[in-house]
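[1] only geometry, no sequence info:
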């Protein structure tokens, strides 16, 4: 059981775990957690996760057995509950509701590898399809208003399992960070009659100094106001609000670019910790979010979010994005041959 | 030299260091940084910091020599520049300005100790006086609109020096987190005709379950929507917008409470990493911020700010504030005798 609680002053919700509450003594255990041969995400350990939600697997293989290459399971220690209704309750100045939501794990490889950089492009495509399929399925649940897809790589970036995986948490509210982007893009549209991110792409292509990569359907650049050293965004060049509308060719291009950027980052700084955040339009809400432009934010965690950042919401970035982009452009990624053929199996859900 | 850059979509400024830009290879060095006997903040090492701005020291002792007990110096690696004018510039969709601001270090002890918990209450009072004096002095500079006082304790919380110290960064804009609190408190005041934080204090005193401590002038509680396990706020019971207006009795009570809470936290979890953030009203702005209520946020860093938090602005907190408050209430702090007499010297700036 968990509870959503709203900050009484600012637009910020917090999920409070009320059941598996961690007493002081529990913290050491969590932080000492190590991955091992007993990794529950490895092939052959399917029974150690909750029953799979979907898997892309060879025909004839059974649920929760080997034969898959991309697998989505409920988080074993979910921050939110799939049961119940998100009815707003009040007590004095405070507002709260049941901790309704979905918390899932997308297992990105059968093998115990730490990142996307060692996966084949084909395999990264499968991961992107997994994100899309879960996004399309979860929005059928009218209680959910946003589907936050994210990835934590490395302990510094919050990964508690080493085996490469991404997660999604679907929430019954539109998160404040997403709301801020929606408001900003709407205001920009009202002022200029154009999409802010479309204009940003145009300027980045024109100026070139923050550009990292470009392919048929995507642009990758280090944002002008990067919060983190080597922060990059991957943005569809075509205006598209909803990640769920991604097309097959876009999936190919996104996977190729994502793998390439992550690979360059990892070649540059070994075991670089990073988060990936997918920002897309909300679901199951009346408002039209046609001005929104979905994108992927890759956020390396080489600096610490400390008192200044928590107090102000501002960031100190010691690496100008122009230098970050140049470094990323100059690094030559190498592509060791992968046995991609084993993935040439019909994908099914 | 540094540059303030505004995010083109959301209300977020980033300081980009343009001179001491960190190339990939520099990151390892930063993270391996260890404190040693050569600590520049220790007594006797005064020449290793930039010349002191103020110090509380024994009469007859000279600037940048021993004899001080609280010392404020410019940060040796400032994120912002004290020189220049914050003129807004534009290039296409982007806005930026010179990285104007102040970045100072408040040295909280002559000795190489890691936290406030081992300081005497008297010494913590001196630190609070130091914060106040710098706040009153810096606001004479009309370019500065906000003075963010903060403290990072432990590497996880962003401290690069072990020797107990706090910092301040004064900015030419009102930070977005502060703006959000101002807006929230103004809206609450418009709706209810009262201060949100005054009402929160009343409810916390009434309900009691999140209360940690109370003295003449301050209340300490674990906020209802705590972002972090064992997060606590210290709030003046009297409505006061501007920390700079703190009175001598309040300084005494704040110091006693702050030291007590930090001590309890440290007794509970050894070397607990934490940030302290002082939120107060802006300076040098036309708007009246009389509805604002200053406070101190103590933010233990036992959990990681990861993809979900960065993507949504929401937090997952595995420890309910009710349990955190109870644990903090129950822990008995002990007060080893300190040589407080050595501080009974007239304080002067």
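    Sure thing, it's come through. What you see is a predicted model, and the numbers here were worked out from it, not measured in a lab.
[2] buried residues in stretch A:250-263?
    Under the neighbour-count criterion of 16 or more other C-beta atoms under 10 Å in any protein chain shown, stretch A:250-263 has A:250-263 buried. Every residue, glycine included, has its C-beta placed from N, CA and C.
[3] measure residue A:58 to residue A:49 for me?
    Distance, residue A:58 to residue A:49, by C-beta to C-beta, to the nearest Å: 19 Å.
[4] the two: who's more crowded?
    Counted by other C-beta atoms under 10 Å in any protein chain shown, residue A:58 and residue A:49 do not tie: residue A:49 has more neighbours, with 18 against 14.
[5] contacts only, for that one.
    A:40-41, A:64, A:73-74, A:76, A:105 (C-beta atoms under 8 Å, 6 or more residues apart in numbering or on different chains).
[6] could you dump those to CSV with pLDDT?
    Listed next are these as CSV, based on pLDDT from 0 to 100:
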residue, pLDDT
A:40, 94
A:41, 96
A:64, 97
A:73, 98
A:74, 96
A:76, 90
A:105, 97
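[7] can I get the buried part of these as one ChimeraX selection?
    In ChimeraX syntax, the buried subset of those is picked out as below (16+ other C-beta under 10 Å):
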select /A:40,41,64,73,74,105
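[8] out of the contacts of residue A:49, flag the one nearest to chain B.
    Within the contacts of residue A:49, the smallest distance to chain B is 12.4 Å, found for residue A:105 (C-beta to the nearest C-beta).
[9] state the helix or strand in which that closest one lies.
    strand A:102-107 (DSSP states H and E).
[10] distance from the following helix or strand past that strand to the middle of the chain?
    Sequence-wise, the next helix or strand downstream of strand A:102-107 (DSSP H and E) is helix A:121-138. With C-alpha atoms, centre = their mean, to the nearest Å as the basis, helix A:121-138 stands 12 Å off its chain's centre.
[11] check which residues of helix A:121-138 are buried.
    Under the neighbour-count criterion of 16+ other C-beta under 10 Å, helix A:121-138 has A:121-135, A:137-138 buried.
[12] now do stretch A:308-318
    By 16+ other C-beta under 10 Å, the buried positions in stretch A:308-318 come out as A:308-318.
[13] just list the residues touching the closest residue to chain B within the stretch 151-300 of chain A, thanks.
    With C-beta to the nearest C-beta, the shortest gap between the stretch 151-300 of chain A and chain B falls at residue A:158, namely 2.6 Å. If a contact means C-beta under 8 Å, 6+ apart, then residue A:158 has A:152, A:275, B:304-307 as its contacts.
[14] residue A:326 now?
    residue A:209.
[15] did I read that right, it in a helix?
    Yes: under DSSP: H, G, I helix; E, B strand; the rest coil, residue A:326 sits within a helix.
[16] report the separation between it and residue B:199.
    In terms of C-beta to C-beta, residue A:326 sits 52 Å off from residue B:199.
[17] with residue A:268 instead?
    For residue A:268, the distance to residue B:199 (C-beta to C-beta) stands at 51 Å.
[18] more crowded one of those two?
    residue A:268 (19 against 15).
[19] state the phi and psi torsions of the more buried one.
    Residue A:268 adopts backbone torsions of phi -70, psi -50, taken as degrees, to the nearest 10.
[20] over to residue A:260?
    phi -60, psi -50.
[21] please give me every residue in contact with residue A:234.
    Residues in contact with residue A:234 (C-beta under 8 Å, 6+ apart) are A:218-220, A:254, A:257-258, A:261, A:295-296, A:298.
[22] brain fart, residue A:138
    Residue A:138 neighbours (C-beta under 8 Å, 6+ apart): A:102, A:144, A:147, A:168, A:170, A:283.
[23] so which of the buried residues of stretch A:308-318 also contact chain B?
    A:308, A:310-318 (C-beta under 8 Å from any C-beta of the partner chain).
[24] pLDDT-wise, what's the bottom of the buried residues of stretch A:308-318?
    Among these, residue A:318 carries the weakest pLDDT, at 92.
[25] wouldn't residue A:169 be in contact with residue A:80 here?
    Yes: counting by C-beta atoms under 8 Å, residue A:80 is a contact partner of residue A:169 at 6.4 Å.
[26] overlap in contacts of these two?
    Counting by C-beta under 8 Å, 6+ apart, the common neighbours of residue A:169 and residue A:80 are A:101-103.
[27] which parts of stretch A:179-189 are buried?
    A:179-182, A:184-186, A:188-189.
[28] report the angle between the strand holding residue A:105 and helix A:121-138.
    For strand A:102-107 against helix A:121-138, the angle by axes from the mean of the first three to the mean of the last three C-alpha atoms, to 10 degrees is 160 degrees.
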